[in-house]
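Chemist: Can you look at this prediction? I've put the sequence above it.
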Amino acid sequence: MTDAPWETGLLVPPTYLNVILRDLEPALAKRVLDEAGLPERWMAGSAEAVPIALMQAAVTSLRGIIGEHWHLKMIHRLNLFAHGSLGMAAVTCPDMGSAISILERYVTVRAPFVRLELRLDPDRCVLRLVDEAGLGEPWRDLLEIVMLGIQSLLEQVHGSPLREMQMHFALPAPPYDSLLEERVQGQVIYGSRWHEMVIPRSWLEKTSPMHDLAMHRSALSRLEAEFAAVADRHSVTGMVRQLLCAAPEHPPSLGEIARGQFITSRTLIRRLKSEGSSYQKILQEVRLRQAIKLLSAPDFTVKQISYMLGYKDPSNFGRAFALWTGQSPGEFRKSLGSD
């Protein structure tokens, strides 16, 4: 049995939520944040990825304030700049085929709860959106946002509306079907086996009017770095490592990390074990890396460094460091000529 999405600890980039909040009156934006349990600093935007459970709480609030069609009233805000390096890398590709390849590989940078699969038939191209987190019909608005976002990017590469496209949804028609169909440029088909976008295969050779080799290379470089960071963050080990690195003086306990990810301590222990890791192993690794970095510079004494790494007793830091490296902190620093 797979875990429900709110139990997975899946983290979602804040970009789209930031755009949506900016479109609301301040009082309504604050209400969404309060109901979702997000801090008020999000009123000014945030770079923090959030657990999908909090994103879903924000979506629930938006539905209550605006209605089930809330996302269709705001989809115009999700323009090229909202898609960041993913959008720029796609639209500056030489052609439609290259743009689709970019989306297929990197879509998780913006929407880590889905995966794209490309299938080429003799006369058509099928881009399938796989509901990787098992969101299903209760969260169809998130899936529709992704589909409409992809449509927007492909339209810019195509250079005109995608009238010959078919957009399939593996769900029945929603109550707001007429509004959704207004936003889709081609034909909408409900009750399909998969969420898919189908376009003529001949479109793959269409040259992008926004093709720019220098801009494409720059955007692709940033995108690859973001992709690597997302891959690390979405491993449980990487997530725990990032949280420990963020608070070296007061590292969160295993229980605190588990509560922050909406899972039990036992579940977190099990998932770390499945990746060949543990909380103590990661904490030791983080402290060793930080200790070596701090000892390699003359700015702080060994005693200060021990406090900076969360040790109340400097002698405990000394023993731990000797166990890790076979040297005392002082001996290690002398070996570097930093004393």
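Modeler: Right, received. Where do you want to start?
Chemist: doesn't Arg128 fall inside a helix?
Modeler: No. Assignment of Arg128 by DSSP: H, G, I helix; E, B strand; the rest coil gives strand, placing it outside any helix.
Chemist: So for it, what's the pLDDT?
Modeler: pLDDT, Arg128: 94.
Chemist: would Val188 count as being in a strand?
Modeler: Yes. Counting by three-state DSSP, Val188 is found in a strand.
Chemist: what's the spacing between it and His216?
Modeler: Distance, Val188 to His216, using Cβ to Cβ, to the nearest Å: 32 Å. Placement of C-beta: from N, CA and C, glycine included.
Chemist: Comparing those two, which shows the higher neighbour count?
Modeler: His216 (22 against 17; other Cβ atoms under 10 Å).
Chemist: Can you tell me how far that one is from Asp141?
Modeler: With Cβ to Cβ as the criterion, His216 and Asp141 are 31 Å apart.
Chemist: swap in Val91?
Modeler: From Val91 to Asp141 the distance is 25 Å (Cβ to Cβ).
Chemist: Can you classify Pro172 by secondary structure?
Modeler: coil.
Chemist: My read is that it contacts Ser192, right?
Modeler: No. Between Pro172 and Ser192 there is no contact under Cβ atoms under 8 Å: 10.5 Å.
Chemist: Settle it for me: which of these two has more neighbours?
Modeler: A count of neighbours by other Cβ under 10 Å puts Ser192 above the other of Pro172 and Ser192, at 14 against 10.
Chemist: Skipping adjacent residues, who's closest to Ser274 in space?
Modeler: Closest residue to Ser274 apart from its sequence neighbours, by Cβ to Cβ, 6 or more residues apart in numbering: Val236 at 8.0 Å.
Chemist: Actually, Val302.
Modeler: Using Cβ to Cβ, 6+ apart, the closest residue to Val302 is Pro329 (4.5 Å).
Chemist: hang on, the earlier thing: the more surrounded of Val91 and Asp141?
Modeler: Neighbours per residue, other Cβ under 10 Å: of Val91 and Asp141, the larger number sits with Val91, 25 against 19.
Chemist: May I have the phi/psi pair for Phe317?
Modeler: The phi/psi pair for Phe317 (degrees, to the nearest 10) reads phi -60, psi -40.
Chemist: Do you know the pLDDT at it?
Modeler: Looking at Phe317, the pLDDT reads 90.
Chemist: Distance-wise, check it relative to Ser278.
Modeler: Distance from Phe317 to Ser278, by Cβ to Cβ: 20 Å.
Chemist: what does Cys245 give?
Modeler: Going from Cys245 to Ser278 by Cβ to Cβ gives 17 Å.
Chemist: Sketch out the low-pLDDT regions of the stretch 1-150 of the chain for me.
Modeler: 1-10, 42-48 (pLDDT under 70).
Chemist: mind listing the helices for it?
Modeler: In the stretch 1-150 of the chain, the helices defined using DSSP state H, counting those that start in this stretch lie at 15-22, 26-36, 52-66, 70-74, 84-91, 96-106, 140-158.
Chemist: Quick one: those helices as JSON lines, columns for distance to Arg222 too.
Modeler: As requested, the helices of the stretch 1-150 of the chain are arranged in JSON lines below (distance: least, Cβ to Cβ, whole Å):
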{"stretch": "helix 15-22", "distance to Arg222": "14"}
{"stretch": "helix 26-36", "distance to Arg222": "28"}
{"stretch": "helix 52-66", "distance to Arg222": "23"}
{"stretch": "helix 70-74", "distance to Arg222": "26"}
{"stretch": "helix 84-91", "distance to Arg222": "4"}
{"stretch": "helix 96-106", "distance to Arg222": "11"}
{"stretch": "helix 140-158", "distance to Arg222": "16"}
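Chemist: Could you identify which of those is most buried?
Modeler: helix 84-91 (a mean of 24; mean count of other Cβ atoms under 10 Å).
Chemist: between it and helix 96-106, how big is the angle?
Modeler: Comparing the axes of helix 84-91 and helix 96-106 via axes from the mean of the first three to the mean of the last three Cα atoms, to 10 degrees yields an angle of 150 degrees.
Chemist: I am finished for the moment; much appreciated.
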